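Enquirer: below are the sequence and a predicted model for it; my questions follow.
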Amino acid sequence: MPESLKPDSLAPEYAAALTTQEYTRKTPIEGVKVIPLNLMIDDGGSFAELVRFDETGHLLAIPEFQVRQSSYSLVLPGSIKAFHLHYNQEDVWFVPPTDRLLVGLLDCRKDSPTCGVSMRLVLGGGRAQLVYIPRGVAHGGANIGTQNATILYFVNQHFSLDDPDERRLPWDILGADFWEMIPG
């Protein structure tokens, strides 16, 4: 078997630029839940059950969450829809497996053990999953692809034009590069 390389086995100009991709699990935001769904694939396409409700309209996967409204959003290629948060509303997001959306989360709750922690995750991209976003966690999405991306989402209160529970933070509060595709 050939001898393993060592850092000094590389030319200095390449060794100086070398980094190691991080694979360790990042700190999750308190209360955020990523729920994998079964995606059934057959010869003719695919199927995924998004949510099941109990008799009172609560999600079985998140029993404390009662759906009051369901909505649809289309995110055009190159668009960033961020950041917003709610004082009362909680969200459950789904992006179809055929689409792809970079989702950003930031814990803004001062009494949360993860206050200030941010998360990036991809919804869609061949997978079927839900993400539960508690109130006080700023959230948004970026379509860094070339095709439209769809978000189907469930919320636990009705939207009111007269008193919207939607507060905005700057899209680049975590830096403009937060929304960029990480090359490599």
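Expert: Yep, that arrived.
Enquirer: strands of the chain, start to end?
Expert: Applying DSSP state E to the chain gives strands spanning 33-36, 39-42, 45-48, 69-75, 80-85, 91-94, 100-107, 118-124, 129-133, 137-142, 149-155, 167-168.
Enquirer: remind me which residues of the chain are low pLDDT?
Expert: Within the chain, no range satisfies pLDDT under 70.
Enquirer: let's see that with 90 instead.
Expert: 1-27, 57, 181-184 (pLDDT under 90).
Enquirer: OK, contacts around Phe83?
Expert: Phe83 is in contact with Gly104, Leu106, Ala138, His139, Gly140, Arg168, Leu169, Pro170, Trp171, Ile173, counting by Cβ atoms under 8 Å, 6 or more residues apart in numbering. Every residue, glycine included, has its C-beta placed from N, CA and C.
Enquirer: can you lay out these as CSV showing neighbour count and distance to Ala11?
Expert: What follows is these, written out as CSV (neighbours: other Cβ atoms under 10 Å; distance: Cβ to Cβ, whole Å):
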residue, neighbour count, distance to Ala11
Gly104, 22, 37
Leu106, 23, 41
Ala138, 22, 44
His139, 23, 44
Gly140, 23, 42
Arg168, 11, 49
Leu169, 16, 45
Pro170, 8, 42
Trp171, 17, 40
Ile173, 15, 40
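Enquirer: out of these, which is nearest to His84?
Expert: Closest approach to His84 among those (Cβ to Cβ): Arg168, at 5.3 Å.
Enquirer: wait, which of the strands of the chain is closest to Gly57?
Expert: Across those, closest to Gly57 is strand 149-155 (Cβ to Cβ), at 10.3 Å.
Enquirer: circling back to that earlier point, got the strands of the chain as JSON lines, with distance to Glu3 columns?
Expert: Below are the strands of the chain laid out as JSON lines (distance: least, Cβ to Cβ, whole Å):
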{"stretch": "strand 33-36", "distance to Glu3": "42"}
{"stretch": "strand 39-42", "distance to Glu3": "45"}
{"stretch": "strand 45-48", "distance to Glu3": "48"}
{"stretch": "strand 69-75", "distance to Glu3": "50"}
{"stretch": "strand 80-85", "distance to Glu3": "48"}
{"stretch": "strand 91-94", "distance to Glu3": "50"}
{"stretch": "strand 100-107", "distance to Glu3": "41"}
{"stretch": "strand 118-124", "distance to Glu3": "39"}
{"stretch": "strand 129-133", "distance to Glu3": "44"}
{"stretch": "strand 137-142", "distance to Glu3": "45"}
{"stretch": "strand 149-155", "distance to Glu3": "48"}
{"stretch": "strand 167-168", "distance to Glu3": "57"}
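Enquirer: I appreciate the help and will end here.
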